[in-house]
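Undergrad: I need the structure of the sequence given here:
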Amino acid sequence: MAAAWAQDARLEVTLPPKETWTTDAPTVRTIGVVTAGHTAELIRNGFPARLHYKIERWSAGSFVNDVKARTEWEVIVEYDALNKKYRVIRATPAKAVLLGEYDSVATAEAKVAEPYKPRISAPPKGDKAYYSVTLTVEAMSLSDLDEVRRWLRGELRPAMRGQRNPGTAMSSGLRTLFVRILGGERLQYQQTTGTFRP
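TA: A predicted model of the protein is given here:
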């Protein structure tokens, strides 16, 4: 669910065809979030946007629902003022990949909006299940971006799932405060599929 004023921005999650429910992951699409709020303006002013995704597969029991699988990934959109290009990077727990460079924020957003199938296990036959996806969009600091660039070069593994150095907490907090003074929001979207049984 997006902020009420971000009417055109949305997150979509679509189940695969019924015959592949036990083998294929759902498709996730992100539409309009790069230009929602002040995000595009912050990107142009040197604060890349971090789109952090988390998808969970839940088992829907009679009394209690349990998380059976989970994965996370990020998409980063940055502006290279020297070359006047927008870069889009996808980072999974295994690797970071440059998806392309674009002349405008609109074409970068079109790349972000392309359907993506995350790597998550499907439910076994007969298991009543559903998927839940959460997307958090916020601006990054230059030190965050430097970490992503080093990751792209293979110098370090991704700092996801709370594995970031605790010493960065203070600088991260100051960066968040600075970005919010400049008008940057932390936008969150959530979407779930309907319950299904393969």
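
Undergrad: What is the least confident helix or strand in this structure?
TA: Least confident element among the helices and strands of the chain, by mean pLDDT, DSSP states H and E: helix 169-181 (a mean of 44).

Undergrad: need the longest strand for this structure.
TA: strand 65-80 (DSSP state E).

Undergrad: Next SSE downstream of it?
TA: strand 85-91 (DSSP states H and E).

Undergrad: Flag every buried residue along that next one.
TA: If you call a residue buried by 16 or more other CB atoms under 10 Å, then strand 85-91 has these buried ones: Tyr86, Arg87, Val88, Ile89, Arg90, Ala91. In this view, the C-beta of every residue, glycine as well, is placed from N, C-alpha and C.

Undergrad: so where is the protein shaky, pLDDT-wise?
TA: Across the chain, residues meeting the criterion (pLDDT under 70) sit at 1-7, 62, 141-185.

Undergrad: which residues in it form helices?
TA: Using DSSP state H, the helices of the chain run over 39-44, 105-112, 142-152, 169-181.

Undergrad: tell me the contacts of Tyr116?
TA: Applying CB atoms under 8 Å, 6 or more residues apart in numbering to Tyr116 gives the contacts Thr27, Val28, Arg29, Arg90.

Undergrad: Next up, the contacts around the nearest residue to Asp127 once chain neighbours are set aside.
TA: The shortest distance from Asp127 to any residue other than its chain neighbours is 5.9 Å, reached at Ser59 (CB to CB, 6 or more residues apart in numbering). Listed by CB under 8 Å, 6+ apart, the contact set of Ser59 reads Asn65, Asp66, Val67, Lys68, Pro123, Asp127, Lys128, Ala129.

Undergrad: what separates Ser59 from Gly32, distance-wise?
TA: 32 Å (CB to CB, to the nearest Å).

Undergrad: hang on, Thr71 packs against Pro118?
TA: Yes: using CB atoms under 8 Å, Thr71 makes contact with Pro118 at a distance of 5.4 Å.

Undergrad: shared neighbours of the two, anything?
TA: With CB under 8 Å, 6+ apart, Thr71 and Pro118 have common neighbours Ile55.

Undergrad: returning to what we had before: now the buried members of the contacts of Ser59.
TA: Lys68, Pro123, Asp127, Ala129.
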